[in-house]
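# I would like the atomic coordinates for the input below:
(2 chains)
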2 protein chains.
Amino acid sequence: MAEIAALAGVSKPTVSKVMNGQPGVAAGTRERVERVIAERGYVRHGAARALSAGRAGSVNLVVKEVDNAYFTEVIRGVEETLERAGLSMVLTATHDEARRHRRWMARVVEHGTDGAILVLPDEHFAHVEELRRHGIPVALVDDRGESPPGVPSVGATNFAGGFAATEHLLSLGHQRIAMVGGPPFKSTRERIAGYRTALQEAGVPPDPLLEKPGGFVAETGYEAARALLRAPDPPTAIFAGNDLQAIGVYRALYELGLHTPDDVSVVGFDDLPLARLLTPALSTVRQPVREMGALATKMLLGIIAEETLESTRVELATSLIVRESSAPPRY
Amino acid sequence: MAEIAALAGVSKPTVSKVMNGQPGVAAGTRERVERVIAERGYVRHGAARALSAGRAGSVNLVVKEVDNAYFTEVIRGVEETLERAGLSMVLTATHDEARRHRRWMARVVEHGTDGAILVLPDEHFAHVEELRRHGIPVALVDDRGESPPGVPSVGATNFAGGFAATEHLLSLGHQRIAMVGGPPFKSTRERIAGYRTALQEAGVPPDPLLEKPGGFVAETGYEAARALLRAPDPPTAIFAGNDLQAIGVYRALYELGLHTPDDVSVVGFDDLPLARLLTPALSTVRQPVREMGALATKMLLGIIAEETLESTRVELATSLIVRESSAPPRY
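Below is the predicted model of the structure:
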């Protein structure tokens, strides 16, 4: 540290501050110190680095796929948090294929890792158990609400999100509000429960014909919307299970020659970056996916540092984002 | 290998085939062998693994940002190719910040890597030079056409793409065709040259008022389209420099109460996954971004294996994808 201080022409406490990511150092000074550190091959000692001395210097993030904006947001949150801690992110897409998962596990066992973050995959219980057997710390981004007990996990408040979306449409004057569901996860059931509760509290009896099942892809939103809008008593608003479904709903409306929000209001779930880019811009329930990735990473770093976590299960708040796709019904 | 063969109940040549990723093994058998390998902690020896024995077992991919569908496609192509070679992918987003780049370099120097793939960043000459100084093999995904000589790089045929998009609009009967450019890269100049050449060959004199500068983000498409469509002699078609710009063009048309393609045809560039999900679905020039990432990875693996590359610069073909946003002009 004395050598770095001498080379950068600063005091040792200043070098220490830079290495530990503490405030109180001018930007130019910080940059000079970091340049010396990088040039001399010294390595930053963030809190996590110090604690993982002699370890791999990297954390593994496992997602189902890369070309899905939901996972991209998780990746972003994890990468930024690890970067700040001086750690690298090893990214693997398993496509929920057992073969790819086994190969990943073999690589991890051979080359080592400081820990793993899984975005809740299929067969998650078995995978978490396997990682623990190898002594690898693990944390989950669990948008399903189905984490094994005792495993650190981060989710979102799905009931509140379903409730807020429905309440918003009710407040605009809608009564015939349809909902497209998702895969049979706990989180889906919570969103549907929020939807039904909001209807009941407003004195609108839920109509089973207005609830459609669906996966979290555009195609199911498309199919559900077509069926709903061709029915004898169609809805004036559709609450889609996620933003990709909402894009499918847009497509169905477009093909039927209907306009959003003039003919049918649409609300999504997630607030992926593309939601605000759509025309009309999508009203949606924001799920703080990037922050969920960041928090799961912080929990993992806490475990690696052998800190005691305040809680192994944390749910971040969802919030309604009103844009252009929701408006009062036309009647 | 004999032990694995015995445990899986197959012959040694079969185990060898599975380990080397060769064909001629039934799916069920392959799975059984892989399960034994994973369970016993043995590691697959793909071609790259064997050649990188004693190395890091991973390759670094450096992109500007993660939340951009263009980079997501590169990530996907690189990850899939590395996975098949038995290597892990370490992913870093630099945001083109010198500080993040230096920290990345420090981590790579400390923990090692088998090679690095850069999606052409700012100051790429200096970064490539730095990696070479550390003896780290490097390949580039270079959509700008500005790689340093001798560095393996993969691009796309930009002139042909600009020509094809414009020729398509001309063939529909458009004469007033606008183009939104991009950052001042060689690739942008090639796309513009393709656009002008197609106009000239059709006997349509290029009109400087119909060429707008812009960055590769939605906002510039929006601004350019607003200016173009409010001019005295507006275009009947807009060729956007990339798909994100095209989304901005959609937004401008929406706000002006104009319809695509009835009032104005729109063609994009890239064919990001969201292009087909838009309403109307976007006609665009496909740039095979995932394949570019895969090929850069294969070139890097070739260098690691000390093979001789046939060419250090490869450009993959662009192709026109006609969807719903382009149609004959209304007059």
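
# Please count neighbours and contacts with C-alpha atoms only from this point.
Noted.

# buried sites along stretch A:189-207?
A:189-199, A:204, A:206 (16 or more other CA atoms under 10 Å in any protein chain shown).

# sorry, that was for stretch A:297-307
A:297, A:298, A:299, A:300, A:301, A:302, A:303, A:304.

# Of the buried residues of stretch A:189-207, which belong to strands?
Per DSSP state E, strands hold no members of the buried residues of stretch A:189-207.

# ok, the residues you listed vs chain B, which is closest?
Set against chain B, the nearest of the buried residues of stretch A:189-207 by CA to the nearest CA is residue A:191 (24.7 Å).

# so who does the closest residue to the closest one other than its chain neighbours touch?
Nearest non-adjacent residue to residue A:191, counting by CA to CA, 6 or more residues apart in numbering or on different chains: residue A:162, 4.3 Å away. By CA atoms under 8 Å, 6 or more residues apart in numbering or on different chains, residue A:162 lies in contact with A:190, A:191, A:192, A:193, A:194, A:195, A:285.

# go again using 6 Å as the cut-off
Contacts for residue A:162 (CA atoms under 6 Å, 6 or more residues apart in numbering or on different chains) come out as A:191, A:194, A:195.

# And for the residue of the stretch 1-150 of chain A found nearest chain B, nearest residue in space, chain neighbours not counted?
Closest residue of the stretch 1-150 of chain A to chain B, CA to the nearest CA: residue A:90 (4.2 Å). Closest residue to residue A:90 in three dimensions, ignoring its sequence neighbours and counting by CA to CA, 6+ apart: residue B:90, at 4.2 Å.

# now the one you found, which residues is it bridged with?
residue A:90, residue B:60 (DSSP bridges).

# Double-check it against residue A:87; I have them as touching.
No. Here residue B:90 lies out of contact with residue A:87, judged by CA atoms under 6 Å, at a distance of 10.4 Å.

# circling back: so which of the buried residues of stretch A:189-207 is the closest to residue A:314?
Nearest to residue A:314 among the buried residues of stretch A:189-207 is residue A:190, at 15.8 Å by CA to CA.

# Tell me the one of the buried residues of stretch A:189-207 nearest residue B:11?
residue A:189 (49.5 Å).

# Retrieve the pLDDT associated with the closest one.
Per-residue pLDDT puts residue A:189 at 94.

# For chain A, which element, helix or strand, carries the lowest mean pLDDT?
Every helix and strand of chain A was ranked by mean pLDDT, DSSP states H and E. The lowest is helix A:47-51, at a mean of 41.

# Name the nearest residue to residue A:192, ignoring sequence neighbours.
Nearest to residue A:192 is residue A:162, by CA to CA, 6+ apart, at 6.4 Å.

# Tell me the spacing between the one you found and chain B.
To chain B, residue A:162 is 25 Å away according to CA to the nearest CA, to the nearest Å.

# Three-state assignment for that residue, please.
helix (DSSP: H, G, I helix; E, B strand; the rest coil).

# contacting residues for the most centrally placed residue in chain A?
When CA atoms, centre = their mean is applied to chain A, the residue found nearest the centroid is residue A:289 (2.5 Å). If a contact means CA under 6 Å, 6+ apart, then residue A:289 has A:73, A:74 as its contacts.

# Quick one, grab the pLDDT at it.
Looking at residue A:289, the pLDDT reads 95.

# and if you look at residue A:97?
89.

# Going C-terminal from the helix or strand hosting residue A:222, what's the next secondary structure element?
Taking DSSP states H and E as the definition, residue A:222 sits inside helix A:218-230. For helix A:218-230, the following helix or strand on the C-terminal side (DSSP H and E) is strand A:237-239.

# where does the stretch 151-300 of chain A come near chain B, residue by residue?
A:251, A:279 (CA under 6 Å from any CA of the partner chain).

# Would you map the helices across the stretch 151-300 of chain A?
A:158-171, A:186-201, A:218-230, A:243-255, A:289-304 (DSSP state H, counting those that start in this stretch).

# tell me the SS of residue A:62?
strand.

# So what's the residue count around the closest residue in space to residue A:234 that isn't next to it in sequence?
Among residues not flanking residue A:234 along the chain, residue A:228 sits closest, at 5.8 Å (CA to CA, 6+ apart). Neighbour count for residue A:228, taken as other CA atoms under 10 Å in any protein chain shown: 22.

# What pLDDT is listed against residue A:228?
Value listed for residue A:228 in the pLDDT field: 97.

# now residue A:150
So, for residue A:150, pLDDT stands at 83.

# Which parts of chain A belong to which domain?
A:2-45, A:56-156+A:289-316, A:158-287 (automatic domain parsing).

# Dump the helix or strand hosting residue A:315 to CSV, keeping only the CA atoms.
Assigned by DSSP H and E, residue A:315 falls within strand A:313-316. In CSV, the C-alpha atoms belonging to strand A:313-316 read as follows (Å, rounded to 0.1, in the frame of the first residue of the first chain):
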residue,chain,number,x,y,z
ARG,A,313,-36.6,-14.3,2.3
VAL,A,314,-37.1,-10.8,1.1
GLU,A,315,-39.8,-9.5,-1.2
LEU,A,316,-39.3,-6.1,-2.9
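
# now it: how far from the chain's centre is it?
Here strand A:313-316 is found 12 Å from its chain centre; the criterion is CA atoms, centre = their mean, to the nearest Å.

# try stretch A:95-102
21 Å.

# Just the C-alpha atoms of it, please, in PDB.
C-alpha atoms of stretch A:95-102 as PDB (Å, rounded to 0.1, in the frame of the first residue of the first chain):
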ATOM      1  CA  HIS A  95     -32.300 -23.600 -21.000                       C
ATOM      2  CA  ASP A  96     -33.600 -25.700 -18.200                       C
ATOM      3  CA  GLU A  97     -31.800 -28.700 -19.800                       C
ATOM      4  CA  ALA A  98     -30.500 -31.300 -17.400                       C
ATOM      5  CA  ARG A  99     -27.500 -31.900 -19.600                       C
ATOM      6  CA  ARG A 100     -26.400 -28.300 -19.600                       C
ATOM      7  CA  HIS A 101     -26.900 -28.100 -15.900                       C
ATOM      8  CA  ARG A 102     -24.700 -31.100 -15.300                       C
END
